[in-house]
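Participant: Fold the stuff below for me.
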Amino acid sequence: MLSKKGKFTTARLLSEYEHIFICPICLHSMQVVDLKSLICSNRHCFDLSKKGYVNLTTHALKTKYDKKLFEARKTISDKGFFEPLMARICDNILRELKPSHQTIKILDAGCGEGSHLSDIQHKIMAQSECNLLGIGMDISKEGIHMASNLPSKTIWCVADLAKPTFADKQFNFILNILSPSNYSGFQRILQDQGMVIKVIPEARYLQELRGIFYKSTDRDIYSNQKTMELFKHHFDLVDIQRVQYGVSMDREDIKQLVHMTPLSWGATEELKEQAWSRIKGEITFDFSILLGSRSQEANRR
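Facilitator: Here you go, the predicted model:
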């Protein structure tokens, strides 16, 4: 749990950047009051939690992403299994950074337990002198609850992609890593020269697990063509980058991987047991990074 000092620091950070937020109920601007609440001009109030995050949802939202999944994902992330992917994302961000006294704002939409955003922030700040602010949002309170423990210059919030939470044209970069999207919302909150970085699984992603969980089904072979087409419909596609590598995992690592991935949803305990007892050697990680900019039509609005 955050100390009172830690919560105070988070509240001060939220106060400094309160202009980023709009009320998800009435869309009015918001301000921090008494270093404990975000309140709009219509008096809709969202309190800063004891953990130091703000919940901007108006009612409880159901999600399959639970504490066990996020704990597993953090374990997998902490062991460096996403390292090549994170390094490539950072390379793309660093390539776009230009000398400026303005704060660079990165939104991780669907940040889960925050490990990806925290790692990316750490890497970028180690390689540049930019003033960097991270905003991590996720629909899962469990994920944000865990993320708020991370020591980084970040505002964490429980929020729904389907409802406006941020003011127009706020973000230099929007990350969307193996997570659902709201492209119309991304268009609205992305700066004119900003970039969306979306990571999607490729055909061989976790193929060793897919071969067990989806054997003899129509999901045995994965295609992301529809996802790519939808992305290109909303953004000008700047580049597509393939990141593919293998990692050696022991039985305990594979257990955590099974708990982490939605590929195991609906799988029997017998199939899960097969996964961590039969799979040996390398596990395949296979992604495409889609880099998109605001469409010319959107920039003319």
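
Participant: mind checking how far the closest residue to L132 other than its chain neighbours is from L133?
Facilitator: Leaving aside its chain neighbours, L132 sits nearest to I104 (5.0 Å; criterion: CB to CB, 6 or more residues apart in numbering). Yep, even glycine has a C-beta here, placed from its N, CA and C like the rest. Applying CB to CB, to the nearest Å, the value for I104 to L133 is 7 Å.

Participant: now do V247
Facilitator: Going from V247 to L133 by CB to CB gives 31 Å.

Participant: So between the two, which is more surrounded?
Facilitator: Shown here are V247 and L133; by other CB atoms under 10 Å, L133 has more neighbours (21 against 17).

Participant: Please confirm that the more buried one is located within a strand.
Facilitator: Yes - assessed by DSSP: H, G, I helix; E, B strand; the rest coil, L133 belongs to a strand.

Participant: Specify the beta-bridge partners of it.
Facilitator: For L133, the beta-bridge partners are K105 (DSSP bridges).

Participant: tell me the domain ranges of this structure?
Facilitator: Domains of the chain are assigned by automatic domain parsing as 1-52, 53-299.

Participant: quick one: which of those domains has the weakest pLDDT on average?
Facilitator: Sorting those by mean pLDDT places domain 1-52 lowest, at a mean of 87.

Participant: can you give me the offset of that domain from its chain's centre?
Facilitator: Domain 1-52 sits 21 Å away from the centroid of its parent chain (CA atoms, centre = their mean, to the nearest Å).

Participant: go on, stretch 111-123?
Facilitator: On CA atoms, centre = their mean, the centre of stretch 111-123 falls 8 Å from the chain's centre.

Participant: May I have that stretch exported as CSV, CA atoms only?
Facilitator: In CSV, the C-alpha atoms belonging to stretch 111-123 read as follows (Å, rounded to 0.1, in the frame of the first residue of the first chain):
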residue,chain,number,x,y,z
CYS,A,111,-2.5,-1.1,-19.2
GLY,A,112,-3.5,-4.0,-17.0
GLU,A,113,-1.2,-4.2,-14.0
GLY,A,114,1.1,-1.5,-15.5
SER,A,115,4.3,-3.4,-16.0
HIS,A,116,4.6,-2.6,-19.7
LEU,A,117,4.1,1.2,-19.3
SER,A,118,6.4,1.3,-16.3
ASP,A,119,9.1,-0.5,-18.2
ILE,A,120,8.7,1.7,-21.2
GLN,A,121,8.9,4.9,-19.1
HIS,A,122,12.0,3.7,-17.3
LYS,A,123,13.8,2.8,-20.6
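
Participant: Pull the residues that contact that stretch.
Facilitator: Outside stretch 111-123, the residues within contact range by CB atoms under 8 Å, 6 or more residues apart in numbering are 65, 70-71, 73-74, 77-78, 82, 86-87, 89-90, 93, 106, 108, 132, 134, 136-138, 140, 143-144, 146-148, 150, 152-154, 156, 175, 177, 179.
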